[in-house]
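1. return a 3D structure for these sequence lines:
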Amino acid sequence: MSAALPTFIKPIEEVSRDAGLYILVYGNAGAGKTTLCATTPDPEKTLVLSAERGTLSIKDSGVKCAEVKTLADIRRIFKYLEKGEHPFEWVCLDSVSEIAEVVLEEELTKNRDGRKAYGEMATTMVALLKTFRDLRLNVVVLAAAREKDDEGRIVLAPDTPGNKLAEKLPYLFDEVFFLHVGRGEDGEIKRALLTSNDGKRVAKDRSEHVESGALEKAKDGTVVEPIPVGTWVDLKIDRVDEKETQSNGLRILITYKVETPEEFKGRMIFSGHNVICPSSEDAERIALENLARISIACGLEDVVDDLPDLIGRTCRAHVYEHDEWQGRVREQIRDWTTSDVEATPLEYADDEIPF
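-> Numbers count the residues shown, from 1 in each chain. Purely as a prediction, here's the structure:
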């Protein structure tokens, strides 16, 4: 007969259930990130911490809102939530990018050295995010999007002041979703959540599934499931957009529409390419090779001179698995304590809150 397990050892599903969801959603300005906060299963039990001052889009949703203007505001809200004597099941931080600006502003008043202020801000924000993670509520953190160079490729990732915090951000969350806006087959604007890394946008789902009803669909959109690795798809170029980059180069965003297989017909695929990048000869060579590859795939003998000439062209592509994060994603181990008697939540004294 095996000995009974001590009370501090629990079934993994019980620990996971108690922890709640911890989700980072990022996207471009105007994508609808704030609106997403009102699509939780129960808006009446949703609290939005707003540092954006842009809650007009959810004014009739039924969610509750607390404005954040200082770090003291965040500490006061955390203490309220920590006690557990509240009706909320969902907390949305809108947004980590703006909250970090609030913290940075306070740090700059204390540090003449700007580099030190940015470092202190990053340390404070990591502590803040970990502390909210441990509230045993469902927490959704919103962030702006930024372009970053990843070994010669431009990818979209969550944005915050300073590189140190921005690089750490995805590692702090179980789920990282990109809120995408595009045109559907009917020509209407659609919003959808990208839940896995596609090589162009940082995303992950550590749970390997998004529980139905845990996070409702974005307005007029769906939760995106990627096309399976190994699938051959026939694509038609639907539109080509041009954008000036910060390096004075030119970036194009090509929108493809899936023609076959039938089960994915109409799916929109988006691909960004740096066409001209004068920062280095290697970067420009890679950019021109990318454009040449697109032209050849579309049956053209020469690289296109006029980008709109690509519209309506068709090509065939193979869906592959991008291993950008392989070996770099670290599992987050959460510290937790209990005792041989009934466990009670530990509360922070006002001077012990770690942010």
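2. could you look up the next helix or strand downstream of the worst-scoring helix or strand of the chain on mean pLDDT?
-> Comparing helices and strands within the chain by mean pLDDT, DSSP states H and E singles out strand 223-224 as the least confident, with a mean of 46. Towards the C-terminus, the helix or strand next in line after strand 223-224, according to DSSP states H and E, is strand 232-244.
3. in that next one, which residues are buried?
-> Along strand 232-244, these residues count as buried under the neighbour rule (16 or more other CB atoms under 10 Å): 233, 235, 237, 238, 239, 240. C-beta here means a position set from N, CA and C on the backbone, and glycine is covered the same way.
4. residue contacts, the fifth one?
-> Read it as residue 239. When contacts are counted by CB atoms under 8 Å, 6 or more residues apart in numbering, residue 239 touches 183, 254, 255, 311.
5. pull out the buried members of those.
-> Buried residues within the contacts of residue 239, counting neighbours by 16+ other CB under 10 Å: 254, 255.
6. closest one of the contacts of residue 239 to residue 86?
-> Closest approach to residue 86 among the contacts of residue 239 (CB to CB): residue 183, at 40.7 Å.
7. what about the closest one, distance to residue 263?
-> Computed as CB to CB, to the nearest Å, the residue 183 to residue 263 distance reads 20 Å.
8. next one: residue 126
-> Relative to residue 263, and taking CB to CB, residue 126 is found at 42 Å.
9. of these two, who's got more company?
-> The residue with the greater number of neighbours, taking residue 126 and residue 263 and applying other CB atoms under 10 Å, is residue 126; the counts read 18 against 9.
10. now the more buried one. Nearest residue, chain neighbours left out?
-> Of all residues not flanking residue 126 in the chain, residue 168 sits nearest, at 6.1 Å (CB to CB, 6 or more residues apart in numbering).
11. so residue 193 sits in a strand?
-> Yes. Note on residue 193: a strand contains this position according to DSSP: H, G, I helix; E, B strand; the rest coil.
12. now the closest residue to it other than its chain neighbours. Its backbone dihedrals?
-> Here the nearest residue to residue 193 in space, its sequence neighbours aside, is residue 177; by CB to CB, 6+ apart that works out to 4.4 Å. Main-chain torsions, residue 177, degrees, to the nearest 10: phi -120, psi 140.
13. coming back round to it: the residue nearest to residue 126 and residue 316, how far apart?
-> Between residue 168 and residue 316 the distance, using CB to CB, works out to 39 Å.
14. also residue 190?
-> Taking CB to CB as the criterion, residue 190 is separated from residue 316 by 25 Å.
15. and the residue nearest to residue 126, helix, strand or coil?
-> Using three-state DSSP as the criterion, the local structure at residue 168 reads helix.
16. hang on, it packs against residue 122?
-> Yes. Between residue 168 and residue 122 there is a contact under CB atoms under 8 Å: 7.2 Å.
17. quick one, which of those two is more surrounded?
-> Neighbour comparison, residue 168 and residue 122: the larger count goes to residue 122, with 24 against 14 (by other CB under 10 Å).
18. the more buried one contacts residue 167, correct?
-> No. Residue 122 is not in contact with residue 167 according to CB under 8 Å; the separation is 9.3 Å.
19. so which residues of this protein form strands?
-> Assignment of strands within the chain using DSSP state E yields the ranges 22-27, 46-50, 64-67, 90-94, 138-150, 153-159, 175-183, 189-194, 204-205, 223-224, 232-244, 250-260, 268-276, 314-318.
20. so what does the last one touch, helix or strand wise?
-> Contacting strand 314-318 under the criterion 3 or more CB pairs under 8 Å, 6 or more residues apart in numbering; DSSP states H and E are the following elements: strand 232-244, helix 281-297.
21. now the shortest one - C-alpha only, CSV.
-> What follows is the C-alpha trace of strand 232-244 in CSV, where atoms were taken according to Å, rounded to 0.1, in the frame of the first residue of the first chain:
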residue,chain,number,x,y,z
TRP,A,232,0.7,22.6,-50.3
VAL,A,233,-1.4,25.7,-51.0
ASP,A,234,-2.2,27.6,-54.2
LEU,A,235,-2.2,31.3,-53.6
LYS,A,236,-3.4,34.4,-55.5
ILE,A,237,-2.0,37.8,-54.7
ASP,A,238,-4.9,39.9,-53.5
ARG,A,239,-3.2,43.2,-52.7
VAL,A,240,0.2,44.8,-52.2
ASP,A,241,0.7,47.6,-49.7
GLU,A,242,3.9,49.7,-49.4
LYS,A,243,5.3,51.3,-46.2
GLU,A,244,8.3,53.4,-45.5
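22. on that earlier part again, using a markdown table, lay out the buried residues of strand 232-244 together with distance to residue 23 and pLDDT.
-> Shown next, in a markdown table, are the buried residues of strand 232-244 (distance: CB to CB, whole Å; pLDDT from 0 to 100):
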| residue | distance to residue 23 | pLDDT |
| --- | --- | --- |
| 233 | 29 | 76 |
| 235 | 30 | 79 |
| 237 | 33 | 81 |
| 238 | 30 | 80 |
| 239 | 30 | 76 |
| 240 | 33 | 75 |
